[in-house]
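Asks: mind folding the following:
(chains A and B)
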Amino acid sequence: MATIVTVANQKGGVGKTTTAVTLGHGLARAGRRVLIVDLDPQGHVAFALGLKKSNGLYRLLVDQETLRQVAVNARPNLDIVPSDKTGEAAKRYVTTLNFREKVLIRALKGAVYDVIILDTPPSIDVLHVAALVASHWVIIPTRLDSLAIDGVNEILRSMGEIEQDHHFDGYSIVPTFYDRTTKETATNLRELVGVFGDLVWAPIPQDTKAREAASYGQTLWEYTPESPSVTGYQIDGKRVGGYLDLLAKFEEVII
Amino acid sequence: MSEQPKRRQVIDPAVAALMRRQDEKEAEAKTPKAERAKRLKERMKAADRLPGRVNLDLPPALKKQVFELAEAERIPVSQVVAFLLAEGIRRLRSGELTFNPYRRPSKSPRYDWNLDIDDLVKNTDLSP
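Replies: Predicted coordinates:
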C-alpha cells in the first residue's frame, strides 16, 4: 500500500510545491515509485518539472478516469497528476458530492506507488480536507515569519477537526527559506521548537538557485545538487538541514 | 534495581545544532567590538595555518592500519595519507586502478555510486 503524504500550509509562498517536487523526485531517484498529485489549480507541479499544465486532476475527479489514464510520467519512477485552471471546476464539482472528504481516498485506491505526495493549494477548501483525510502523514513547510507560522496553527486546527474520524501517523514541520543571518528567523525557529519540539525538522536554507530551478523546468537534484537548499549547512563537521537531510529523515520516519 | 529512564530527545538533533550555533553567534555579537575583532583575527590565522585540514570518515579498521603504518615507518600520519592519496590518484588517472569492482548503486539523489570500502578492506590483506 502506498504511503500518502500531504504537503500543506494555507499560507502561500512557503515552499509547498518545491518541497513536494524535490521530495518526490529524490525518492524516485532512490528507487521508490512516486506519484505527485497537484491539487492546486495553479498547476505548478507540472511547471516545476518542465511539463505542460493540463487537466489531469479534473479528469480524475470529475470525468472519473483512472489514475493510469491521467498520470503523466515526469521522470523515471516519478508520475504526476497535473492540474491547471480546470482544478477550480473540479473543486466546485467535488463540493456537490456526498462523502466529498473521501473523494481522494476513492480516486487513489489501488494505486501502484510506494509514495503518493499530495501538493495542496494555499487555502482550506474541500480538496484540502480530502487530502488530509487521505493521508498518513502531513508535512507542513513554513517560512520562519509570524504569518506563515500562523498558517501552521491553522493546518493543525484542521487536522484536529479531522482527527475525530481519521488517524494520522504523524506530521512534521519543515522550516523553509531559513536565513541564519537574521534574528527574526532565529527567534521564530526557537518559538516553533519550543512549542512543537522534535516535530520541527531541520530547516531548508534560503537559496536563490532553488528559485531558478523551476524556470528551467528542473528539480533541485538536477539543477543545483550542491547548493545549500539541498546540502544544508556545515556545522561541527556535519551537514545539517537541506533537502538531502529531509529526504533521509523522510525515509527513516515516514516510509 | 530498575533502569533509570532515559531523557527523551525533544528537539531534532540537527535543529538543536543550528540553534546552538545561533546562540554562539548571538553571544559573540554581545562581546565588545575589539574582542570580536581579536577573535576573528585568531580564527583567520588558524584557517591560514591549516588550509589543508579535512574531516573525513574512514572505516575504523582502515584508520587503524594507516596509523600503525605511520608509526612503523616513523612518518607523520598526514604525510602517509597524502602520499597514498597522491599515488592512488596517479594510478587512477593512468588506468592502473579503477573504482569499478567496488561501485555499488547509491540510493542518495546526490550521488550515483557508493564505494564498498568495507569489502575492499575485508578482501585486502593490509597486514605488514
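
Asks: quick one, what contacts the residue of chain B found nearest chain A?
Replies: Here chain B gets closest to chain A at one residue, B:A14, 3.5 Å apart by C-beta to the nearest C-beta. Placement of C-beta: from N, CA and C, glycine included. Neighbouring residues of B:A14 by C-beta atoms under 8 Å, 6 or more residues apart in numbering or on different chains: A:W201, A:A202, A:G232, A:V240, A:G241, A:D245.

Asks: again with A:T17
Replies: Contacts of A:T17 (C-beta under 8 Å, 6+ apart): A:V7, A:D40, A:H44, A:V45, A:A48, A:D119.

Asks: residues in contact with the last one?
Replies: Applying C-beta under 8 Å, 6+ apart to A:D119 gives the contacts A:V7, A:K16, A:T17, A:A20, A:V21, A:I36, A:V37, A:D38, A:L39, A:D40, A:V45.

Asks: check the first one too.
Replies: In this structure, A:V7 makes contact with A:16-17, A:19-20, A:23, A:117-120, A:138-141, judged by C-beta under 8 Å, 6+ apart.

Asks: how much space between it and chain B?
Replies: A:V7 sits 18 Å away from chain B, going by C-beta to the nearest C-beta, to the nearest Å.

Asks: again with the second one
Replies: According to C-beta to the nearest C-beta, A:D40 stands 24 Å off from chain B.

Asks: just the third one next, same as before
Replies: Using C-beta to the nearest C-beta, A:H44 is found at 21 Å from chain B.

Asks: tell me which element the closest residue to that residue other than its chain neighbours falls in.
Replies: Spatial nearest neighbour of A:H44, excluding adjacent residues (C-beta to C-beta, 6 or more residues apart in numbering or on different chains): A:T17 at 4.7 Å. A:T17 is part of helix A:16-29, with elements assigned from DSSP states H and E.

Asks: after that helix, which helix or strand is next?
Replies: Assigned by DSSP H and E, the successor of helix A:16-29 is strand A:34-38.

Asks: quick revisit: how about CSV for the contacts of A:V7, with pLDDT and distance to B:R104 added?
Replies: Listed next are the contacts of A:V7 as CSV, based on pLDDT from 0 to 100; distance: C-beta to C-beta, whole Å:
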residue, pLDDT, distance to B:R104
A:K16, 96, 34
A:T17, 97, 33
A:T19, 97, 29
A:A20, 98, 29
A:L23, 97, 24
A:I117, 98, 28
A:L118, 98, 33
A:D119, 98, 33
A:T120, 97, 37
A:V138, 96, 34
A:I139, 97, 30
A:I140, 96, 35
A:P141, 96, 33
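
Asks: farthest pair in those?
Replies: Within the contacts of A:V7, A:T17 and A:V138 form the most distant pair, 15.6 Å apart (C-beta to C-beta).

Asks: re the thing from before, now, the contacts of B:A14 that are in strands?
Replies: A:V240 (DSSP state E).

Asks: looking at the contacts of B:A14, which is nearest A:I124?
Replies: A:W201 (22.9 Å).

Asks: confidence score at the closest one?
Replies: At A:W201, the predicted lDDT confidence score is 95.

Asks: tally of neighbours for it?
Replies: A:W201 has 23 neighbours, counted by other C-beta atoms under 10 Å in any protein chain shown.

Asks: what's the answer for A:E251, then?
Replies: Using other C-beta under 10 Å, A:E251 has 15 other residues around it.

Asks: how close does B:I117 sit to A:Y223?
Replies: For B:I117, the distance to A:Y223 equals 30 Å [C-beta to C-beta, to the nearest Å].

Asks: between these two, who's got more neighbours?
Replies: A:Y223 (17 against 14).

Asks: you'd agree the more buried one is up against A:S215?
Replies: No. With contact defined as C-beta atoms under 8 Å, A:Y223 and A:S215 do not form a contacting pair (9.2 Å).

Asks: closest to A:E88 out of the contacts of A:D119?
Replies: Nearest to A:E88 among the contacts of A:D119, with distances taken as C-beta to C-beta, is A:D40, at 10.1 Å.

Asks: what about the closest one, helix or strand, and which?
Replies: Using DSSP H and E, no helix or strand contains A:D40.

Asks: nearest residue to it in space, please, no chain neighbours.
Replies: A:D40 sits nearest to A:P121 (C-beta to C-beta, 6+ apart), 3.8 Å away.
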